[in-house]
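[1] need a structure here:
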Amino acid sequence: MTFSSGGRRRQHCFSPANELVLGSKGTLPNGMSEFAATLEMGGAVLSLRLTVPASSAALSSVPTRSATSRPSSDRKTQVFPTPPAAPIPSLAGRTLADGRKLPKLLFVTDSTRLAANIGKDETNQALTLIRSAGQSVLEIQDADKHIDEIQKEVTRSSCEGLVLLGGYDVLPSQRLDALDPDLRRAIGSEAGRDADNFIVWSDEVYGDLNGDSLAEIPISRIPDSKSSRLVFTSLTAKNGSGDTRFGIRNEARKFADGIYTLLKGNGNLLISRPTSPELVGPAKVLETGIYFMLHGSDGDGSRFWGEEDGSMFEAVNVSNLGAVLPSVVFTGCCWGALTVDKIASRSRAGEAIPVRTVESSMALTFLLAGARGFVGCTGSHYSPLQAPFQFYGGPMHASFWKRYNGSGSPASALHLAKKDFLDGIPHNRTTDVGHAIELKILREYTCLGLGW
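    Numbers count the residues shown, from 1 in each chain. Prediction:
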């Protein structure tokens, strides 16, 4: 939790006994929301209350959950026209993964639902491309038993990785409680003060063969967003040439400095503020390795924010991304990999979940530009603020880039990073809430794109 005093940011360190009292949220008139937090320290009670727009962005803070206001209305955000990507009318002459060697993968889709989103001919082209490369395709036969079908085929095929082809309306993502019943009971009402109630979207169930809610093999998802061009581009994603890097961090997330040193290349990590869309420039993000440690929003996925003395400051948006981006992206942004317009905790069984359009999502825009993988959270993220930063999101970020440097596959790197992170839980967190936060981070990270 951070407080401002006299115009300067002051960070309060929390002892284990006072590690977390999460901000409660209530709806106010005129479209406003109210966030409140309290902290007991030495018998004194500190209170913080913030009123922000209901559709506000979310702050990736620790130990409180993410909650931020949008940039000040007196500063108009510049959105540059997005350069049109080259059209891909068909997959003729193109190859899966641009012809590079892939491990034995299993591609899975509900071809009827996918065809309803991108077209029957386009779906046939995509499946033909995959099979022509010698890879296996499972077309779901019974939508009500799709999980069983996929798990059985994963076991039978002995595949080394799983690629889900289509969005949540093609192959539903699991609404996963990150906490086991005992831990949820232990933290009680504190669970409701997390922005997601510790419930997140997860695809791990499709490769989970032992019931621990973690897949036994790497998993990626190519969302379709009702765009055949997005699907075609993701399936044929190139491997970027050369090692170049680009990154932006929130000014309050110093731990990201150490993470960025793990990326190959020479570019400096930018800080926001002062970094803004205007300073980055239109279509200027072109590097092969990209790292964002910024604020995100469940209501607006088209941009990420930094900070300016505790206030939100827009750092980057979709118009900053190049039209051709054969990159791998890792983010610590709240809801950075959310490709639908509803968080898991607010969804209900059987309801249709609206999918995001490409232009409304940083993640999808990256994929349309050719990214092999976009790794991020489907829920709010928690960052370490106290050195040596070896808890909450810190270890996951570091392990991902170390594993990626060794494997070259974003999906495999995330799979191994999750194993590393699980082995380290609770990373010296001594409270039940601290343990809950660690489990949420483990469950909410996902890989979008081809992943290999």
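[2] so residue 290 bridges to which residues?
    Counting by DSSP bridges, residue 290 is bridged to residue 246, residue 329.
[3] check contacts around it.
    245-247, 327-330, 366 (C-beta atoms under 8 Å, 6 or more residues apart in numbering). (C-beta placed from N, C-alpha, C; glycine too.)
[4] same thing but 10 Å
    By C-beta atoms under 10 Å, 6 or more residues apart in numbering, the contact set of residue 290 is 244-248, 263, 267, 321, 325, 327-331, 366, 371, 374.
[5] Do I have it right that residue 252 meets residue 313?
    No - when contacts are counted by C-beta atoms under 10 Å, residue 252 is not listed as touching residue 313 (11.0 Å).
[6] can you give me the end-to-end distance of stretch 275-289?
    From its first residue to its last, stretch 275-289 covers 18 Å (C-alpha to C-alpha, to the nearest Å).
[7] I'd like the average pLDDT over that stretch.
    Stretch 275-289 shows a mean pLDDT of 95.
[8] Might you calculate how far it sits from the centre of the chain?
    In this view, stretch 275-289 has its centroid 19 Å away from the chain centroid, taken as C-alpha atoms, centre = their mean, to the nearest Å.
[9] Grab the nearest non-local neighbour of residue 364.
    Leaving aside its sequence neighbours, residue 364 sits nearest to residue 358 (C-beta to C-beta, 6 or more residues apart in numbering; 4.5 Å).
[10] Just give the number of residues close to that neighbour.
    Other residues lying near residue 358 total 23 when counted by other C-beta atoms under 10 Å.
[11] Check the one 5 residues further on too.
    Using other C-beta under 10 Å as the criterion, residue 363 is surrounded by 29 other residues.
[12] before we move on, what about residue 196?
    Neighbour tally, residue 196, other C-beta under 10 Å: 25.
[13] do the same with residue 267
    Using other C-beta under 10 Å, residue 267 has 14 other residues around it.
[14] swap in residue 184?
    Count around residue 184 with other C-beta under 10 Å applied: 17.
[15] Double-check that it belongs to a strand.
    No - using DSSP: H, G, I helix; E, B strand; the rest coil, the assignment for residue 184 is helix, not a strand.
[16] which residues does the closest residue in space to it that isn't next to it in sequence contact?
    Distance criterion C-beta to C-beta, 6+ apart; nearest residue to residue 184, sequence neighbours excluded, is residue 191 at 5.9 Å. Contacts here follow C-beta under 10 Å, 6+ apart; on that basis residue 191 touches 22, 177-179, 183-185, 197-199, 345, 433, 436.
[17] at 7 Å instead, please
    179, 184, 197-198 (C-beta atoms under 7 Å, 6 or more residues apart in numbering).
[18] quick revisit: report the set of residues contacting both of residue 252 and residue 313.
    Common neighbours of residue 252 and residue 313, using C-beta under 7 Å, 6+ apart, are residue 307.
[19] From the contacts of residue 290, list just the buried residues.
    244-248, 263, 321, 325, 327-331, 366, 371, 374 (16 or more other C-beta atoms under 10 Å).
[20] now, among the residues you listed, which is nearest to residue 286?
    Distance to residue 286 across the buried ones among the contacts of residue 290 (C-beta to C-beta) is lowest for residue 325, with 6.4 Å.
[21] Can you check the pLDDT for that closest one?
    On pLDDT, residue 325 comes in at 89.
[22] so who does it touch?
    Neighbouring residues of residue 325 by C-beta under 7 Å, 6+ apart: 286, 366, 369-371.
[23] wait, residue 434 sits on residue 426?
    Yes - using C-beta atoms under 7 Å, residue 434 is in contact with residue 426, at 6.1 Å.
[24] Have a look at these two and say which one is more surrounded.
    residue 434 (23 against 15).
[25] mind checking which helix or strand that one is in?
    Taking DSSP states H and E as the definition, one finds residue 434 inside helix 432-444.
[26] isn't there a helix covering residue 305?
    No - counting by three-state DSSP, one finds residue 305 to be strand, located in no helix.
[27] what bridges to it?
    For residue 305, the beta-bridge partners are residue 295, residue 314 (DSSP bridges).
[28] Kindly provide the distance from it to residue 314.
    Separation of residue 305 from residue 314 (C-beta to C-beta, to the nearest Å): 5 Å.
[29] In terms of neighbours, single out the busier of these two.
    Between residue 305 and residue 314, counted using other C-beta under 10 Å, residue 305 has the larger neighbour count: 30 against 24.
[30] State the pLDDT value of residue 427.
    With respect to pLDDT, residue 427 scores 96.
[31] element containing it, please.
    Going by DSSP H and E, residue 427 is not in any helix or strand.
[32] how near is it to residue 166?
    Residue 427 sits 35 Å away from residue 166, going by C-beta to C-beta.
[33] Have a look at those two and say which one is more surrounded.
    Between residue 427 and residue 166, residue 166 has the larger neighbour count (other C-beta under 10 Å), namely 27 against 18.
[34] contacting residues around that one?
    Residue 166 neighbours (C-beta under 7 Å, 6+ apart): 109-110, 113-114, 224.
[35] From those, which land in strands?
    residue 109 (DSSP state E).
[36] Farthest pair within the contacts of residue 166?
    110 and 224 (11.0 Å).
[37] Can you pull the residues that touch both of these two?
    Contacts common to residue 110 and residue 224, judged by C-beta under 7 Å, 6+ apart, are 166, 170.
[38] When these two are compared, which one has more neighbours?
    It is residue 224, of residue 110 and residue 224, that has more neighbours when counted by other C-beta under 10 Å, with 27 against 22.
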